[in-house]
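K.L.:
Quick one, structure for this:
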Amino acid sequence: MATPSFSSLAAQRTLFLLAAICLLLAPTARATDVKYCDAKANYAVKVEGIKITPDPVIAGKQATFAISASTAEAISGGEVLLEVYLFGFSVHSETRDLCEDIACPIPAGDFLLSHSQSLPGFTPPGSYNLKMTIKNSKQQQLTCVSFDFSVSWWALVADY
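P.N.:
Residues are numbered from 1 along each chain as shown. The predicted structure follows:
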């Protein structure tokens, strides 16, 4: 039986290492951990998870934030307040009409609130925190959650 040469073993190890790095760094979608703003509050809207695509978010490219949630009562309308922090400093805030991203009224039960947006190409890479508050049309807070996400300036996949 022939013994593999040193150069073929080194080439195989190099290819394996490159493949492993590509898998670790490639943008993907994965569930994101969610924390309620007030752990003791009994929010009317329960957030079950957030999926960010791609993850990490690529500056200058479109990203989608999909929030899985449920409510015991129908929601006729309201607003979504978004606050984004980098290193604890507020870098962006906006208020959106809830019905821009989901058909209203939202019936009781499970629902998916999804929003796609492109971050400016000059967005600094790093770990961000987003705080999301949903209020009904009477300005009553229905939920408040925060979650972390990352922004990168580049992707290993040209078009995803």
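K.L.:
How many neighbouring residues does the closest residue to residue 56 other than its chain neighbours have?
P.N.:
Leaving out its chain neighbours, the residue that sits closest to residue 56 by Cβ to Cβ, 6 or more residues apart in numbering is residue 150, at 3.8 Å. Quick note: C-beta positions are derived from backbone N, CA and C, even for glycine. As a burial measure, residue 150 scores 12 neighbours (other Cβ atoms under 10 Å).
K.L.:
Is residue 150 bridged to anything, and to what?
P.N.:
residue 127 (DSSP bridges).
K.L.:
and it, what does it touch?
P.N.:
For residue 150, the contacting residues are 55-57, 125-128, by Cβ atoms under 8 Å, 6 or more residues apart in numbering.
K.L.:
cool, residue 101 as well?
P.N.:
80, 113-115.
K.L.:
Which residues in stretch 55-68 does the neighbour count mark as buried?
P.N.:
For stretch 55-68, the neighbour count (16 or more other Cβ atoms under 10 Å) marks 55-59, 63, 65-68 as buried.
K.L.:
Residue 48: which of those is nearest?
P.N.:
Comparing the buried residues of stretch 55-68 against residue 48 with Cβ to Cβ picks out residue 68 as the nearest, at 4.5 Å.
K.L.:
That closest one: what's it in contact with?
P.N.:
47-51, 110, 112.
K.L.:
One more: residue 83?
P.N.:
90, 92-93, 130-132.
K.L.:
how far away is the residue sitting nearest the centre point of the chain from residue 38?
P.N.:
Central residue of the chain (Cα atoms, centre = their mean): residue 52, 3.1 Å from the mean position. Between residue 52 and residue 38 the computed distance is 23 Å (Cβ to Cβ, to the nearest Å).
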